[in-house]
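# Sequence below, structure please.
(one chain, ligands or ions: 2)
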Amino acid sequence: MRGLSVRLAHANPSPGPAKAAAAVARLDLAQFRSYAELRIEPGAHPVALVGPNGAGKTNILEAISFLAPGKGLRRARVTEPERRGSSAAWAVAAQVFKGEDEIRLGTGRGEGDKRILRVDGRPVRGQQEFAEHLSVIWLLPEMDRLFAEGPGARRRFLDRLVYGFDPEHAGRVSAYEYSMRERARLLADGNRDDAWFAALEDSLARHGIAIAIARGQTVARLARAVKANIGAFPAPDLTLTGAIETLVAEMPALAAEDRAREILAANRQSDAESGSTAFGPHRGDLRAHWAAKDTAAEFLSTGEQKALLISLVLAYARELAAERGHPPILLLDEICAHLDPVRRAALFDELDALGAQYWATGADLDAFALLRERAVFFAVQDGVCDPHRG
Ligand SMILES: Nc1ncnc2c1ncn2[C@@H]1O[C@H](COP(=O)(O)OP(=O)(O)OP(=O)(O)O)[C@@H](O)[C@H]1O
Ligand SMILES: [Mg+2]
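Numbers count the residues shown, from 1 in each chain. Ligands and ions are numbered 1, 2, ... in the order given. Next up, the predicted model:
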């Protein structure tokens with residue numbers, strides 16, 4: 001089969017018994033990025049993907065990220081992952097272990113360039129259903145600067161954490177974004193139809209308040225959980241900032257919705273002039289401060305910022321395991337870069353203790369010495385199937 005990556009026989013004679021309570025046990029790709037076809041079958045084991053730059057390692061993580069709500073880890077348009085020159089649509093299918101259960105999740109490009117989503121072969125409408133079955137979280141090299149750059153990426157990161165505890169959040173976020181786009185369109189068109197505005201602002205207020213509450217609950221939960229295991233990682237203080245976030249902290253949800261409707265109605269003129277929406281959870285932000293160093297996250301070193309982010313992800317994994325009975329699946333792209341050996345070891349020890357399945361990539365086999373007895377290794381090489389002769 002073309003595009004098949006193979007086990008590195010020498011690197012990993014026998015990882016111990018797999019403990020993962022949730023795992024992508026088999027992954028099939030068709031016409032996806034650099035792969036015409038690919039099947040990987042790690043069972044419940046953690047996975048190490050090793051290969052040179054451009055080999056297609058991140059592409060595999062991206063494929064798994066499409067099994068979570070959203071546009072995947074590269075935030076791609078639906079046509080984008082299609083293998084260049086392919087006449088067929090891209091597709092990703094996975095067999096997923098969840099405790100004793102097994103489900104099949106599938107996605108890809110469908111008619112009219114719409115995303116198809118299937119659970120056990122049955123088409124489902126919303127991405128929320130994926131979130132009900134599987135929680136996927138990723139750490140990419142570019143996220144090392146998550147706290148130093150714009151708030152949009154932090155909100156998306158936070159929302160992915162919320163999906164784990166509250167799968168309905170995915171539906172809320174898309175309904176909110178839809179209403180915001182519609183209102184912006186009416187404003188740009190100079191429309192004065194009060195009933196239309198009122199309907200859209202009602203949707204923005206209801207979903208906006210629900211989003212702010214769900215994010216706030218997740219932040220409060222992580223803020224506690226992150227302190228539970230300081231060990232090798234920073235235990236930051238976390239806060240959610242923003243006008244709508246302040247509103248939900250100050251009054252009951254229904255009163256906050258009423259207030260949000262008033263603010264949106266009052267802002268029509270200024271929003272029309274600025275071409276943006278001044279009020280709402282799309283303006284919120286997640287801030288982190290490391291008390292031990294009395295330093296805000298954005299002023300920490302690159303490695304410290306990475307460690308802080310890992311600390312949040314581990315806290316999330318612990319909380320999710322406690323609540324849903326299984327930790328998330330973690331996609332760890334180039335995870336060893338910028339991470340000192342103590343923290344590398346601490347990260348994999350904790351993931352092992354949780355029984356989490358992770359998919360880690362690296363260009364350098366030596367960096368993965370730690371994973372030898374734990375993960376199954378795959379050599380990834382330009383979408384070509386060559387038995388590895390290690
Ligand atoms: N739609 C597509 N069709 C065909 N090839 C694609 C498509 N999109 C991306 N690629 C190719 O996939 C390759 C990159 O794959 P990927 O990002 O997974 O590499 P990698 O192994 O993670 O590399 P690195 O170590 O540099 O991060 C590139 O050569 C890129 O041109
Ligand atoms: Mg990569």
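# Name the residues of stretch 138-158 that come out as buried.
Neighbour counts using 16 or more other CB atoms under 10 Å place 138-140, 143-144, 146-147, 151, 153-155, 157-158 of stretch 138-158 among the buried residues. For glycine as for every other residue, the C-beta is placed from the backbone atoms N, C-alpha and C.
# ok, those residues vs ligand 1, which is closest?
Within the buried residues of stretch 138-158, the smallest distance to ligand 1 is 9.6 Å, found for residue 140 (CB to the nearest ligand atom).
# which SS state does residue 258 fall under?
Following DSSP: H, G, I helix; E, B strand; the rest coil, the label given to residue 258 is helix.
# okay, now the nearest residue to it once chain neighbours are set aside: neighbour count?
The shortest distance from residue 258 to any residue other than its chain neighbours is 7.7 Å, reached at residue 205 (CB to CB, 6 or more residues apart in numbering). Other residues within reach of residue 205 by the criterion other CB atoms under 10 Å amount to 25.
# was I right about residue 205 contacting residue 264?
Yes. Look at residue 205 against residue 264 with CB atoms under 8 Å: they come within range, at 6.5 Å.
# Which single residue in the stretch 251-390 of the chain comes nearest to ligand 1?
residue 363 (4.9 Å).
# Identify the residues contacting that residue.
Shown here is residue 363, whose contacts under the criterion CB atoms under 8 Å, 6 or more residues apart in numbering are 50, 51, 52, 53, 57, 334.
# Now pLDDT and distance to residue 199 too, for the residues you listed, in JSON lines please.
What follows is the contacts of residue 363, written out as JSON lines (pLDDT from 0 to 100; distance: CB to CB, whole Å):
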{"residue": "50", "pLDDT": "93", "distance to residue 199": "53"}
{"residue": "51", "pLDDT": "93", "distance to residue 199": "52"}
{"residue": "52", "pLDDT": "93", "distance to residue 199": "54"}
{"residue": "53", "pLDDT": "94", "distance to residue 199": "50"}
{"residue": "57", "pLDDT": "95", "distance to residue 199": "46"}
{"residue": "334", "pLDDT": "95", "distance to residue 199": "46"}
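# Using neighbour counts, give me the buried entries of these.
In those, burial by neighbour count holds for 50, 51, 57, 334, counting by 16+ other CB under 10 Å.
# excluding its backbone neighbours, what's nearest the first one?
The shortest distance from residue 50 to any non-neighbouring residue, by CB to CB, 6+ apart, is to residue 365 (5.2 Å).
# So what's the residue count around the one you found?
Counted with other CB under 10 Å, residue 365 comes out at 18.
# That one contacts residue 49, doesn't it?
No. The pair residue 365 and residue 49 does not pass the contact test of CB under 8 Å, sitting 11.0 Å apart.
# all helices of the stretch 151-300 of the chain, in order?
Using DSSP state H, counting those that start in this stretch, the helices of the stretch 151-300 of the chain run over residues 151-165, 168-188, 194-225, 243-250, 253-266, 268-274.
# I'd like to know which of these is closest to ligand 1.
For these, the distance to ligand 1 is smallest for helix 151-165, at 18.6 Å, taking CB to the nearest ligand atom.
# roughly how far out does the closest one sit from the chain middle?
In terms of CA atoms, centre = their mean, to the nearest Å, the centre of helix 151-165 is found 7 Å from the chain centre.
# Let me know the next secondary structure element after the lowest-mean-pLDDT helix or strand in the chain.
Counting by mean pLDDT, DSSP states H and E, the weakest-scoring helix or strand in the chain turns out to be strand 6-7, with a mean of 44. On the C-terminal side of strand 6-7, the closest following helix or strand by DSSP states H and E is strand 22-32.
# May I have that following strand as PDB, with CA atoms only?
Taking Å, rounded to 0.1, in the frame of the first residue of the first chain, the C-alpha atoms of strand 22-32 are listed here in PDB:
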ATOM      1  CA  ALA A  22      -9.400   6.000  25.300                       C
ATOM      2  CA  ALA A  23      -7.300   5.500  22.300                       C
ATOM      3  CA  VAL A  24      -7.200   5.800  18.500                       C
ATOM      4  CA  ALA A  25      -6.500   2.100  17.900                       C
ATOM      5  CA  ARG A  26      -6.500   2.300  14.200                       C
ATOM      6  CA  LEU A  27      -6.300   5.300  11.900                       C
ATOM      7  CA  ASP A  28      -7.000   5.300   8.100                       C
ATOM      8  CA  LEU A  29      -6.300   8.200   5.800                       C
ATOM      9  CA  ALA A  30      -7.200   8.600   2.200                       C
ATOM     10  CA  GLN A  31      -6.100  11.400  -0.100                       C
ATOM     11  CA  PHE A  32      -5.000  13.300   3.000                       C
END
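# anything in it sitting right up against ligand 1?
No. On the criterion CB under 6 Å from any ligand atom, strand 22-32 is out of touch with ligand 1, staying 8.0 Å away.
# pLDDT (mean, whole number) over that strand?
When pLDDT is averaged over strand 22-32, the result is 96.
# who in the stretch 51-200 of the chain is up against ligand 1?
Listed as neighbours of ligand 1 in the stretch 51-200 of the chain under the rule CB under 6 Å from any ligand atom: 51, 53, 54, 55, 56, 57, 58, 59, 81, 82, 83, 84.
# Contact partners for the fourth one?
In this case it means residue 55. For residue 55, the contacting residues are 380, 381, 382, taking CB under 8 Å, 6+ apart as the criterion.
# The last one belongs to a helix?
When you say that, I think you mean residue 382. No. Residue 382 sits outside any helix when classified using three-state DSSP, being coil.
# With the flanking residues excluded, which residue is spatially nearest to it?
Nearest non-adjacent residue to residue 382, counting by CB to CB, 6+ apart: residue 55, 5.9 Å away.
# Which of the three states applies to the residue nearest to the spatial centre of the chain?
Of all residues in the chain, the one closest to the mean position by CA atoms, centre = their mean is residue 137, 4.0 Å from it. With three-state DSSP as the basis, the three-state label of residue 137 is strand.
# and which of the residues of the stretch 51-200 of the chain next to ligand 1 is nearest to residue 170?
Distance to residue 170 across these (CB to CB) is lowest for residue 81, with 19.8 Å.
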